[in-house]
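S.K.: no FASTA, just this:
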């Protein structure tokens, strides 16, 4: 067991690691070193995000980053790491609740249009208009006619945004069925996270194959050259966070790029463009 003296008597990193090796079993040591490395990389990448945000504000860019995926795939946790050190005056997180009666009578995209980024702003969508592509048809929250209309309109809608100069990045966080169940069970055991679990989450496991069908339909209809889907393997939350941040950073030529000393190009084994021939976790 480590003591206070162990933390006090070492003079450098190498000495402290040798103490850890003598006191911990290999798996414990590996977990600690992995966590330390993750935290170091995350902090440096977050510093790069600050540089990116300043460049976006300076050049009046409009950046829209969409986070989609099955429940418990790690979308919310990743967004928190993105925004942790950003200036709240020039970024927003959008997580809309179910539409009101009035909104249900409007064009589907209207309530999302008003949330799009202003000049100099980055907006993070924790779920987006793609609710209608997967969750709503699976759960019966929309009609077939509404679904079909959406699938026709969404590439046209995104093309208009692209032509108007909005940079859109669309992430799909891919998680296995087993890992999703593990995370659901973990939420139920944690009183601080029980609020995250809902009836819809429970149905997600039972209707896994339905979600898979509609997810693939979504990719086939809305993966375009101007607005591609980026698949993030997220069974390892920490890897998914680092590599998705890297992808966003690699997407822009901002001032001071890679000043942190880290590469901003993502691991292609973790982050890649959608391709129908590539097998995904989900």
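M.R.: Okay, I see it. Bear in mind the structure is a predicted one, so any value in this text is a computation, not a measurement. Numbers count the residues shown, from 1 in each chain.
S.K.: thought residue 73 was touching residue 177?
M.R.: No - the pair residue 73 / residue 177 is not scored as a contact, 11.5 Å apart, by CB atoms under 8 Å. To be clear about C-beta, it is placed using only N, CA and C from the backbone, and glycine gets the same treatment.
S.K.: and the two? which has more neighbours close in?
M.R.: Higher neighbour count among residue 73 and residue 177: residue 73, with 27 against 16, using other CB atoms under 10 Å.
S.K.: so how far is residue 232 from the more buried one?
M.R.: Using CB to CB, to the nearest Å, one obtains 9 Å as the distance from residue 73 to residue 232.
S.K.: Find residues that contact each of the two.
M.R.: Common contacts of residue 73 and residue 232, defined by CB atoms under 8 Å, 6 or more residues apart in numbering, comprise 173, 174.
S.K.: low-scoring pLDDT stretches of the protein, where are they?
M.R.: 1-30, 277 (pLDDT under 70).
S.K.: can you give me the helices for it?
M.R.: Assigned by DSSP state H, the helices in the chain fall at 4-9, 13-23, 26-58, 75-83, 101-104, 110-113, 135-139, 144-163, 177-189, 199-206, 208-222, 237-250.
S.K.: Now do the contacts for the closest residue to residue 57 other than its chain neighbours.
M.R.: Nearest non-adjacent residue to residue 57, counting by CB to CB, 6 or more residues apart in numbering: residue 120, 4.2 Å away. Contacts for residue 120 (CB under 8 Å, 6+ apart) come out as 56, 57, 58, 59, 60, 61, 62, 90.
S.K.: Out of the residues you listed, grab the one that's most surrounded.
M.R.: Most surrounded of the contacts of residue 120: other CB under 10 Å gives residue 56, at 22 neighbours.
S.K.: Against residue 252, how distant is it?
M.R.: Separation of residue 56 from residue 252 (CB to CB): 8 Å.
S.K.: Next, show the common contact partners of the two.
M.R.: residue 63.
S.K.: picking that back up, export the contacts of residue 120 to JSON lines and tack on distance to residue 147?
M.R.: Converted to JSON lines, those look like this (distance: CB to CB, whole Å):
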{"residue": "56", "distance to residue 147": "34"}
{"residue": "57", "distance to residue 147": "38"}
{"residue": "58", "distance to residue 147": "41"}
{"residue": "59", "distance to residue 147": "38"}
{"residue": "60", "distance to residue 147": "36"}
{"residue": "61", "distance to residue 147": "33"}
{"residue": "62", "distance to residue 147": "28"}
{"residue": "90", "distance to residue 147": "35"}
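S.K.: Out of the residues you listed, which is nearest to residue 110?
M.R.: Distance to residue 110 across the contacts of residue 120 (CB to CB) is lowest for residue 62, with 18.2 Å.
S.K.: Would you check how far apart the residue lying closest to the closest one once chain neighbours are set aside and residue 232 are?
M.R.: Using CB to CB, 6+ apart and skipping residues adjacent in sequence, the residue nearest residue 62 is residue 117, 4.1 Å away. Residue 117 sits 21 Å away from residue 232, going by CB to CB.
S.K.: Of these two, give the one with the bigger neighbour count.
M.R.: residue 232 (27 against 22).
S.K.: residues contacting the more buried one?
M.R.: Residues touching residue 232, when contacts are defined by CB under 8 Å, 6+ apart, comprise 69, 171, 172, 173, 174, 240, 243, 244, 247, 270, 271.
S.K.: Try it again at 6 Å.
M.R.: Residue 232 sits next to 171, 173, 240, 244, 271 when contact means CB atoms under 6 Å, 6 or more residues apart in numbering.
S.K.: neighbour-wise, which of these leads?
M.R.: Going by other CB under 10 Å, residue 244 tops the contacts of residue 232 with 28 neighbours.
S.K.: what's the closest non-adjacent residue to that one?
M.R.: Using CB to CB, 6+ apart, the closest residue to residue 244 is residue 232 (5.2 Å).
S.K.: so that neighbour bridges to which residues?
M.R.: Taking DSSP bridges as the rule, residue 232 bridges to residue 173, residue 271.
S.K.: what separates it from residue 224, distance-wise?
M.R.: Distance from residue 232 to residue 224, by CB to CB: 19 Å.
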